[in-house]
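[1] have a look at this fold, sequence not included:
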């Protein structure tokens with residue numbers, strides 16, 4: 001919004017020329033979302049504490065320490081994140097950019113699903129929420145629509161590389177693309193839904209999910225800026241995606257909103273992000289990975305989320321096939337709790353892993 005208000009005035013006021021620079025608006029988006037979170041956070045938390053009463057219900061089959069330590073903590077902290085993120089993105093991003101609206105559409109749709117899920121859990125005081133199959137149907141419906149719009153946006157841009165819209169580029173290779181044709185849309189949906197649900201699985205300890213999300217967002221902020229610039233893309237031999245640079249603004253807004261939320265979510269948490277936050281943030285990261293044509297790199301940068309998701313899949317498959325559990329409890333962060341690791345130890349070590357994986361993922365930009 002600010003771009004459209006001030007940049008046209010650059011001929012009369014030279015200072016407004018800075019609004020053309022994505023880097024300037026990235027900084028503005030981080031600070032704005034952080035400030036909004038700080039301002040509305042305390043009041044929102046107090047309001048939710050009054051409205052929710054007993055707070056988020058804790059799984060009976062989860063770690064017993066959670067029943068004592070986390071009981072009564074309000075959830076739906078994702079509302080704080082979404083308000084900060086969306087408001088900041090709308091202020092600083094170019095609103096004539098299709099990618100901005102597609103990603104925000106996915107983010108808000110998944111956030112709405114998470115909100116309904118959290119609301120049902122709180123009002124009914126059980127951990128069931130929205131039926132699992134219903135969740136997946138809704139997520140895939142939204143993600144398929146988003147995938148179609150991504151293909152149309154890039155495919156109809158004459159300045160985009162031919163065939164890129166329906167292809168998946170491989171990291172570490174300059175010109176190795178896998179052309180999927182019409183199958184790219186379900187592939188894109190799988191990436192978006194997978195990212196959303198694995199972030200949701202990671203959200204089990206205070207601060208565990210939000211910092212890796214910020215790390216992933218910061219990584220894709222860098223990637224979006226590079227792929228959206230033809231000179232940088234050509235130099236690094238990565239696919240050029242016209243217009244994708246604006247997604248760096250949304251990534252910046254996620255980082256700022258995440259920092260603001262972490263202020264209140266740091267142990268002991270005053271509020272949980274709930275499915276409102278985890279589903280929407282995961283969906284946003286997945287959608288940005290698809291838009292920037294770095295879908296496979298997401299499995300590296302978001303490797304911690306992949307690990308959490310795989311631990312659940314392995315646990316379920318092992319129990320159904322052999323009647324035995326591989327982990328003491330899944331997702332895997334609960335396994336380490338059962339081994340006797342303290343919560344801060346698990347959280348900080350997982351953060352370290354997320355940083356290492358992000359560095360490796362960003363390394364693929366140059367190692368080609």
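    Thanks, I have the structure now. Remember, it's a predicted structure, so these values are computed and weren't measured experimentally. Residues are numbered from 1 along each chain as shown.
[2] ok, and for the helix or strand where residue 140 lies, which residues are buried?
    Here residue 140, judged by DSSP states H and E, is contained in helix 132-155. Applying a neighbour-count criterion of 16 or more other CB atoms under 10 Å, the buried positions in helix 132-155 are 135, 138-140, 142-151, 153-154. Bear in mind the C-beta positions are built from the backbone N, C-alpha and C, glycine included.
[3] now, among the residues you listed, which is nearest to residue 290?
    Taking CB to CB as the measure, residue 150 is the one of the buried residues of helix 132-155 closest to residue 290, at 5.7 Å.
[4] quick one: residues contacting that closest one.
    Residue 150 makes contacts with 99, 102, 165, 188, 290-291, as judged by CB atoms under 8 Å, 6 or more residues apart in numbering.
[5] next one: it from residue 102, what distance?
    According to CB to CB, to the nearest Å, residue 150 stands 6 Å off from residue 102.
[6] helices along the stretch 201-350 of the chain, start to end?
    210-227, 230-236, 247-265, 274-291, 295-301, 303-322, 332-338, 343-363 (DSSP state H, counting those that start in this stretch).
[7] distance to residue 108, mean neighbour count and mean pLDDT added to the ones you listed, as CSV?
    Output for the helices of the stretch 201-350 of the chain, formatted as CSV (distance: least, CB to CB, whole Å; neighbours: other CB atoms under 10 Å; pLDDT from 0 to 100):
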stretch, distance to residue 108, mean neighbour count, mean pLDDT
helix 210-227, 16, 25, 97
helix 230-236, 29, 13, 93
helix 247-265, 12, 27, 96
helix 274-291, 7, 30, 96
helix 295-301, 21, 22, 96
helix 303-322, 21, 17, 93
helix 332-338, 28, 20, 91
helix 343-363, 25, 17, 95
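[8] nearest approach to residue 115 belongs to which of those helices?
    Ranking the helices of the stretch 201-350 of the chain by proximity to residue 115 (CB to CB) places helix 274-291 first, at 4.6 Å.
[9] report the distance from the closest one to the chain centre.
    Remark: helix 274-291 is offset 3 Å from the chain centroid, using CA atoms, centre = their mean, to the nearest Å.
[10] what's the pLDDT at the residue of the chain most remote from its centre?
    No residue in the chain sits farther from the centre than residue 12, which is 39.3 Å out by CA atoms, centre = their mean. Per-residue pLDDT puts residue 12 at 86.
[11] next, it: secondary structure please.
    coil (DSSP: H, G, I helix; E, B strand; the rest coil).
[12] state the distance from it to residue 3.
    Distance, residue 12 to residue 3, by CB to CB: 16 Å.
[13] got the helices of the stretch 201-350 of the chain as TSV, with distance to residue 31 columns?
    Shown next, in TSV, are the helices of the stretch 201-350 of the chain (distance: least, CB to CB, whole Å):
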stretch	distance to residue 31
helix 210-227	14
helix 230-236	24
helix 247-265	6
helix 274-291	19
helix 295-301	24
helix 303-322	27
helix 332-338	31
helix 343-363	22
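[14] quick one, which of these is nearest to residue 109?
    Nearest of these (CB to CB): helix 274-291, 7.6 Å.
[15] quick check: angle from that closest one to helix 132-155?
    For helix 274-291 against helix 132-155, the angle by axes from the mean of the first three to the mean of the last three CA atoms, to 10 degrees is 30 degrees.
[16] now helix 274-291 against helix 247-265, angle please.
    160 degrees.
[17] can I assume residue 196 sits in a strand?
    No: using three-state DSSP, the secondary structure at residue 196 is helix, not a strand.
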